[in-house]
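Trainee: All I have is the shape, not the residue letters:
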C-alpha cells in the first residue's frame, strides 16, 4: 500500500505554469521599463534671467611673485573656479582658500612645482580670500564665477 501511494504523486508542473513565475516576470519587465526612462522632464523658465545661458564672469585677478594674501571677494553663484599659472622652472606654488576670520582651509586650489597651470573648481558661496605661497616663481590668478 505504501508503494501505491508513492507512485500516485502528482506530476510536477513546469515552471511556465506556476503563478509566482509570471508575477516575478511582470515585476522584472516593469523594473526594466522604468530603468530605461526614455522620457525626460523639461522645466520652463519663469523669467528672462533664467532663460539666459550661464557664463563665467571674472570676480578678481592678481599677479605677482612671492607670498600674498588677497583681499576678500564675494561669491554668490553655486559654482566658481580659480584659473592659475606659475612660471618658474625651479619654483614652488600653492594657493589656499580661506573664509575671512576663519583659520580652517576651505580648499587647496594649487600645489605645484616648476612651470604649471590649471583650474580648480569650488561649489560654496560666501566671502573668501586666497593665501598664495610662491618661491622662485611668477604667478597669475583669476577667480571666475558662473552666472
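Mentor: Here it is on my side, so go on. No experiment lies behind these values; they were computed from the predicted model shown.
Trainee: per-residue pLDDT, the residue lying closest to residue 105 once chain neighbours are set aside?
Mentor: Setting aside the residues directly before and after it, residue 105 is nearest to residue 96 in space (C-beta to C-beta, 6 or more residues apart in numbering), at 5.4 Å. The way it works is simple: take the backbone N, C-alpha and C, and place the C-beta from them, glycine included. The model reports residue 96 with a pLDDT of 98.
Trainee: so how many other residues sit close to residue 96?
Mentor: 17 (other C-beta atoms under 10 Å).
Trainee: Verify the contact between it and residue 108 for me.
Mentor: Yes. Using C-beta atoms under 8 Å, residue 96 is in contact with residue 108, at 5.8 Å.
Trainee: what are the ranges of the helices in this structure?
Mentor: With DSSP state H as the criterion, the chain has helices at 2-7, 19-36, 48-51.
Trainee: Now do the second one, average pLDDT.
Mentor: Meaning helix 19-36. Mean pLDDT, helix 19-36: 69.
Trainee: residues near the residue nearest to residue 112 when sequence neighbours are not counted, how many?
Mentor: Closest residue to residue 112 apart from its sequence neighbours, by C-beta to C-beta, 6+ apart: residue 93 at 4.9 Å. Neighbourhood size, residue 93 [other C-beta under 10 Å]: 26.
Trainee: cool, and residue 61?
Mentor: So residue 61, with other C-beta under 10 Å, has 12 neighbours.
Trainee: With residue 62 instead?
Mentor: Residue 62 has 15 neighbouring residues, counting by other C-beta under 10 Å.
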